[in-house]
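Asks: my questions concern the predicted model and sequence given below.
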Amino acid sequence: MSHHFMSSEKEERDRLKREERLKKKRAQATASTTSGPLDSAGDYLDGFEDSLGVFGDSRVANGEAGQIFEYYSHQHSLSNSQDKVESRNDVPLLRLHLANVGGGAVNLMSHFVWNAALVMGEYIEAGTLVNVAGKRGNNHGGGAQFVCLTDYPDPAIVSNLERNWYENLVETPEHWQSRINNNNTESISTQEYQQTLVNRHSIEQRVRCAVRGHAWGESVQEMMELESGAEESGYDWVLLADTLWVSEGHKALLKSCLAVLNKAPCIDDTLVRIGNEIKHDDGKKEYPSQGRILVCCGLHTGYGAVQRFLALARSPEFGLGTRLVEIKRARQWGDERTEAEIRAENAALTEEDLEGFSVGDRNRTVLVYELWAWIASRE
């Protein structure tokens with residue numbers, strides 16, 4: 001399956017199959033006894049299943065639990081005003097195993113690739129707003145100085161994330177392609193992989209990427225000690241894709257984001273799109289942090305959770321700056337307008353327009369926000 005954020009003729013068949021599988025998973029799921037987001041996630045599972053089952057002409061999730069999802073590099077139009085013909089190589093940029101989860105972990109919905117993650121991938125590929133070259137990145141779901149991938153510390157979820165880390169970054173392309181040719185897609189249990197786990201730290205430094213389980217709001221010390229310099233300065237980008245649907249988890253999520261964020265003041269206006277300082281009544285200057293939080297969130301579960309997250313982020317408790325980067329609404333099936341026309345329509349949308357969106361519109365929409373901390377001047 002390719003990664004394209006668009007509709008297709010297969011949508012209705014895929015929707016019915018997915019809805020039936022989700023009903024079976026819900027019937028088998030047990031009540032969660034773990035701490036953190038899982039405690040409150042169960043109340044929202046029905047909403048997720050409903051949103052998966054009613055969209056009709058636009059999917060909000062991609063892939064299937066226990067299956068492989070292929071992400072192909074493509075010419076992205078975010079940084080170009082001219083229409084481009086989408087192209088893709090025969091070889092996927094990433095080949096991801098989707099977790100085969102059960103029990104309470106089903107409530108986390110980590111066994112899909114959500115459209116918000118695809119949009120985030122497009123931003124990273126475009127390299128305009130999110131330029132990760134030489135930066136430290138912390139992904140809570142190429143070219144970076146160091147990346148830490150995190151997910152909820154459920155054994156099935158973390159081991160699946162580690163498997164993707166191994167196959168896409170550690171394993172040689174020749175070994176990887178050989179297994180594909182031999183249709184060997186089962187769990188890796190080779191001596192080479194076991195040796196990789198023994199020498200994990202040195203390999204993490206070589207591939208500039210590590211995997212860790214993390215429950216929002218808990219200690220971030222292990223993530224901060226992974227790479228030289230991160231403990232002192234923090235991460236330059238914190239990437240969040242579809243993490244806002246459980247409002248009760250917002251405070252813990254923001255706590256983790258702030259704990260790992262690079263809080264050095266940004267005084268170079270070429271790095272800032274929101275002005276490089278603000279003056280308060282007492283004359284104190286504050287600069288935006290060099291570290292930024294990129295939030296990509298699908299609108300399929302409504303705008304309320306997004307509003308609550310942004311309000312909490314801007315509250316005195318956290319005091320973050322926020323800005324809307326883009327309202328990205330995908331093309332409907334059969335829409336023959338050019339990419340330039342669709343981009344122009346999206347650019348004219350405002351947050352006020354979201355309240356009037358139909359169910360179909362919401363399912364085709366991903367919101368993109370940039371957040372930062374305000375850092376007092378040392379002058």
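Replies: Right, received. Where do you want to start?
Asks: what distance do you get for Tyr72 to Thr243?
Replies: 24 Å (C-beta to C-beta, to the nearest Å). Where C-beta positions appear, they are placed from N, C-alpha and C, glycine not excepted.
Asks: so which of those two has more stuff around it?
Replies: With neighbours defined as other C-beta atoms under 10 Å, Tyr72 and Thr243 compare such that Thr243 has more, 21 against 17.
Asks: which secondary structure element contains that one?
Replies: Assigned by DSSP states H and E, Thr243 belongs to no helix or strand.
Asks: then the one 10 residues further on?
Replies: Counting by DSSP H and E, the element that carries Leu253 is helix 250-260.
Asks: mind listing what's buried along that helix?
Replies: Using 16 or more other C-beta atoms under 10 Å as the test for burial, helix 250-260 gives His250, Ala252, Leu253, Leu254, Ser256, Cys257, Leu258, Ala259, Val260.
Asks: stretch 351-361 too?
Replies: For stretch 351-361, by 16+ other C-beta under 10 Å, it's Leu354, Phe357, Asp361.
Asks: let's see which of those residues end up in helices.
Replies: Here DSSP state H is the test, and the buried residues of stretch 351-361 give Asp361 as lying in helices.
Asks: want to throw the buried residues of stretch 351-361 into a markdown table with distance to Glu122 and pLDDT?
Replies: Output for the buried residues of stretch 351-361, formatted as a markdown table (distance: C-beta to C-beta, whole Å; pLDDT from 0 to 100):
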| residue | distance to Glu122 | pLDDT |
| --- | --- | --- |
| Leu354 | 21 | 93 |
| Phe357 | 21 | 91 |
| Asp361 | 20 | 90 |
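Asks: phi, psi of the residue lying closest to Leu254 once chain neighbours are set aside?
Replies: Spatial nearest neighbour of Leu254, chain neighbours left out: Phe318 (5.2 Å); criterion: C-beta to C-beta, 6 or more residues apart in numbering. Dihedral pair for Phe318: phi -120, psi -30, per degrees, to the nearest 10.
Asks: for the stretch 201-350 of the chain, what are the low-confidence residue spans?
Replies: 228-231, 268-284 (pLDDT under 70).
Asks: how about the helices in it?
Replies: 221-224, 230-233, 250-260, 304-314, 339-347 (DSSP state H, counting those that start in this stretch).
Asks: just the closest of the buried residues of stretch 351-361 to Asp335, please.
Replies: Lowest distance from Asp335 to those (C-beta to C-beta) belongs to Asp361, with 12.7 Å.
Asks: and the gap between the closest one and Gln332?
Replies: The gap separating Asp361 from Gln332 is 9 Å, by C-beta to C-beta.
Asks: which positions within stretch 331-338 qualify as buried?
Replies: Applying 16+ other C-beta under 10 Å to stretch 331-338 flags Arg331 as buried.
Asks: what about that stretch, how long is it end to end?
Replies: 10 Å (C-alpha to C-alpha, to the nearest Å).
Asks: who are the packing partners of the biggest strand by length in the chain?
Replies: Ranked by residue count, the top strand of the chain under DSSP state E comes out as strand 285-298. Judged by 3 or more C-beta pairs under 8 Å, 6 or more residues apart in numbering; DSSP states H and E, the packing partners of strand 285-298 are helix 115-126, strand 237-241, strand 278-279, strand 365-376.
Asks: check contacts around the residue nearest to Leu254.
Replies: Contact analysis of Phe318 by C-beta atoms under 8 Å, 6 or more residues apart in numbering lists Leu254, Leu258, Leu312.
Asks: so which of those residues comes closest to Ile157?
Replies: Leu254 (21.5 Å).
Asks: what's near enough to touch the closest one?
Replies: Phe309, Leu312, Ala313, Phe318, Leu320.
Asks: may I ask which of the residues you listed has the most neighbours?
Replies: Phe309 (25 neighbours).
Asks: from Ala156, how far off is that residue?
Replies: Phe309 is 27 Å from Ala156, by C-beta to C-beta.
Asks: ok, Cys209 next?
Replies: Cys209 is 21 Å from Ala156, by C-beta to C-beta.
Asks: more neighbours: these two, which one.
Replies: Under the criterion of other C-beta under 10 Å, the comparison of Cys209 against Ala156 puts Cys209 first, with 21 against 15.
Asks: once you drop chain neighbours, what's closest to the more buried one?
Replies: Distances taken as C-beta to C-beta, 6+ apart place Val147 nearest to Cys209, at 4.5 Å, with adjacent residues excluded.
Asks: surely Glu326 meets Asn346?
Replies: Yes. Judged on C-beta atoms under 8 Å, Glu326 makes contact with Asn346 at a distance of 6.9 Å.
Asks: which one's more surrounded, those two?
Replies: Legend: neighbour count by other C-beta under 10 Å for Glu326 and Asn346, higher for Glu326 (19 against 14).
Asks: which ones are touching the more buried one?
Replies: Asn346, Leu367, Val368.
Asks: what helix or strand is Asn138 located in?
Replies: Secondary structure assignment for Asn138, by DSSP H and E: strand 136-140.
Asks: buried sites along the helix or strand following that strand?
Replies: Remark: after strand 136-140, the chain's next helix or strand is strand 146-151, criterion DSSP H and E. Going by neighbour count (16+ other C-beta under 10 Å), the buried part of strand 146-151 is Phe146, Val147, Cys148, Leu149, Thr150, Asp151.
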